[in-house]
Each structure stands twice: as C-alpha cells, then as structure tokens.
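J.: what would the 3D arrangement of this be:
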Amino acid sequence: MRRTHPLIDGLEAIGEQYRALSQRYGIFDRLYEQIHANWAQHRESNRWPTAHKNWVLRVAPTYTHDPEQRLEKQLQKQIATCFKGERWGNDIVTASGLINARGRQMNIDLAHQITDGFELIELKLRSNTPYDAALQILRYGAIYMLYRLEPELARRLKFREMIDAKRIVLEVLAPFEYYSPCELDLRTVQTQLNREVKTFAKRSNADVDLSFRYMAFPCEFSYEPGMSCKSIRDAVSRRLSPFTNSD
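T.: Residues are numbered from 1 along each chain as shown. Got it, this is the predicted structure:
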C-alpha cells in the first residue's frame, strides 16, 4: 500500500468530512492548518527547501508512449512540450527539502504564467472525482500559502516569481464528460471553494488573489497518446467552464 506523503497526512479525512455538506465554510483553513502542523512535526531544524527547485516554471518532457496507461502523465508532458517557450510548465516541484527525508515528490501537474501570476492546474482524464480533484489542487494551494505565510520560507524563496505572484488560480482541468454525471452540485462546489480560498488569502494579508475554478477541454477533444501538438494546443487554448452548456 502506498504511503501518504507526510506533508498531507490527514487531508483526505478533512475532505471527506466536507464532501456531503451543503456548506463548506472553513475547509481551506483546515487544510492549511493540517499542512502547517505536518510541516512543523516532520521538518528537520537544519533542513530547508531547495531554493533552485521549488516553485520553478520548468518543462519536464520525458515520458514513454503507452496507448492505455499513465494517460494523464503523457498528456501533462505533451501540453508542456507543445507550449514550450510560451510560459507553460509541468511537474512543478513544491516540497523539495521542505520536510524530512521521508518526503517524496509533491509536484503540480501544470503551471501557466499569466498577467500578475500563475495558473496551477490539476489535470484529470478519468481518475478520481471532480470533488477529489479539487481537494488535490487545494492542498497545493495550502502548501503555496505556507511558503508565503511562514517568514523563513518566504525569505528563502522570495526571488521566485511564483512565490511573489499577485494572483494564483487553482484549477482542475479535465474533459467535459469528466464532470457529468456527478453526485454533487459542482457549480456550487466551485463557488464555495473559490469563496474559501479567496477569504483565506485576504484574511491572511498575504498580498495575493487566490481563486479556484473547474475548467474543461472542448467537448470534441479526446486525448490519444502522441496526438499532434496542433490538436493539443487548440484544446488547451479553448478550454472553458464545464458549466457552459448548463447556463
């Protein structure tokens, strides 16, 4: 059985507590508090994040073509490769050196530099549910806020564009059909989670606009490993709200 990364111990349980609730007040506060407690518990006093690795926009292009397995990883790497040189990156490192040697990779699927900030993207094709995917990108948002709110972490990475960003968008990106059917009202989930992250950032005086959203590839997009960059670039450039057809 795969062990949970020490930094996110307890986060799944928090997400489950809020899954069926009609309101989700305080969910991001609790995720952040749990990550902060995990960091405090597992860190080593003389161990600090690797400054040249964490929160760097990079392209990690190497992958193995496979028609059936690891499709999300293949698409992630193809997106970054197809947009290389256009402010896109993948496998964004967040926790190198943040805690003790038990720590493994905690990498964000995709990042895109935008005006005043970055989109941090959890990419999905079939795995998990839209709610679980949202909790996955929110945990990275909480790790990000740890770097902004802990003075010593902020000082060590203050020269990183991501850490100094004025705007951070937490996004789940998936095919249109990924969002339906779903046992939850995802439009409401989006509204609530967006409210929670925005409120947290504002209350923390972190000088960053934090937001959350669901996004979808165009309806006609169907990923095939090794498909052309033209098709991938078109799909990413035309991504839109999954609630468009229900407006």
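
J.: where do the helices sit along the chain?
T.: 11-19, 27-42, 71-82, 130-149, 151-156, 186-203, 229-237 (DSSP state H).

J.: CA atoms only: put the fifth one into PDB for me.
T.: What follows is helix 151-156, C-alpha atoms only, in PDB (Å, rounded to 0.1, in the frame of the first residue of the first chain):
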ATOM      1  CA  PRO A 151       8.600  34.200   7.200                       C
ATOM      2  CA  GLU A 152      11.700  32.000   6.900                       C
ATOM      3  CA  LEU A 153      10.200  30.100   3.900                       C
ATOM      4  CA  ALA A 154       9.100  33.300   2.300                       C
ATOM      5  CA  ARG A 155      12.600  34.800   2.800                       C
ATOM      6  CA  ARG A 156      14.400  31.800   1.200                       C
END
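
J.: could I get the helices of the chain as JSON lines with mean pLDDT?
T.: As requested, the helices of the chain are exported to JSON lines (pLDDT from 0 to 100):
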{"stretch": "helix 11-19", "mean pLDDT": "96"}
{"stretch": "helix 27-42", "mean pLDDT": "96"}
{"stretch": "helix 71-82", "mean pLDDT": "94"}
{"stretch": "helix 130-149", "mean pLDDT": "97"}
{"stretch": "helix 151-156", "mean pLDDT": "89"}
{"stretch": "helix 186-203", "mean pLDDT": "97"}
{"stretch": "helix 229-237", "mean pLDDT": "96"}
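
J.: among the ones you listed, which comes closest to E177?
T.: E177 sits nearest to helix 130-149 of all these, at 11.2 Å, using CB to CB. All C-beta spots, glycine's among them, are computed from the backbone N, C-alpha and C.

J.: the inter-axis angle of that closest one versus helix 27-42?
T.: Here helix 130-149 runs at an angle of 60 degrees relative to helix 27-42 (axes from the mean of the first three to the mean of the last three CA atoms, to 10 degrees).

J.: can you add distance to K166 and mean neighbour count and give the helices of the chain back as JSON lines?
T.: Formatted as JSON lines, the helices of the chain follow (distance: least, CB to CB, whole Å; neighbours: other CB atoms under 10 Å):
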{"stretch": "helix 11-19", "distance to K166": "27", "mean neighbour count": "15"}
{"stretch": "helix 27-42", "distance to K166": "19", "mean neighbour count": "18"}
{"stretch": "helix 71-82", "distance to K166": "24", "mean neighbour count": "21"}
{"stretch": "helix 130-149", "distance to K166": "11", "mean neighbour count": "22"}
{"stretch": "helix 151-156", "distance to K166": "15", "mean neighbour count": "13"}
{"stretch": "helix 186-203", "distance to K166": "11", "mean neighbour count": "18"}
{"stretch": "helix 229-237", "distance to K166": "23", "mean neighbour count": "15"}
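
J.: which one of those lies nearest to K53?
T.: So among these, helix 151-156 is nearest, using CB to CB, at 11.9 Å.

J.: could you say what helices and strands the closest one packs with?
T.: helix 130-149 (3 or more CB pairs under 8 Å, 6 or more residues apart in numbering; DSSP states H and E).

J.: how about the contacts made by the closest residue to R47 other than its chain neighbours?
T.: In this structure, R47 finds its nearest non-sequential neighbour in G97, 6.0 Å apart by CB to CB, 6 or more residues apart in numbering. Contact analysis of G97 by CB atoms under 8 Å, 6 or more residues apart in numbering lists R47, W48, P49, T50, K53, N54, G103.

J.: distance of the first one from L173?
T.: Using CB to CB, to the nearest Å, one gets 33 Å for the distance from R47 to L173.

J.: looking at the two, which is more packed in?
T.: L173 (27 against 14; other CB atoms under 10 Å).

J.: show me what the more buried one bridges to in the sheet.
T.: For L173, the beta-bridge assignment (DSSP bridges) gives partners L123, M215.
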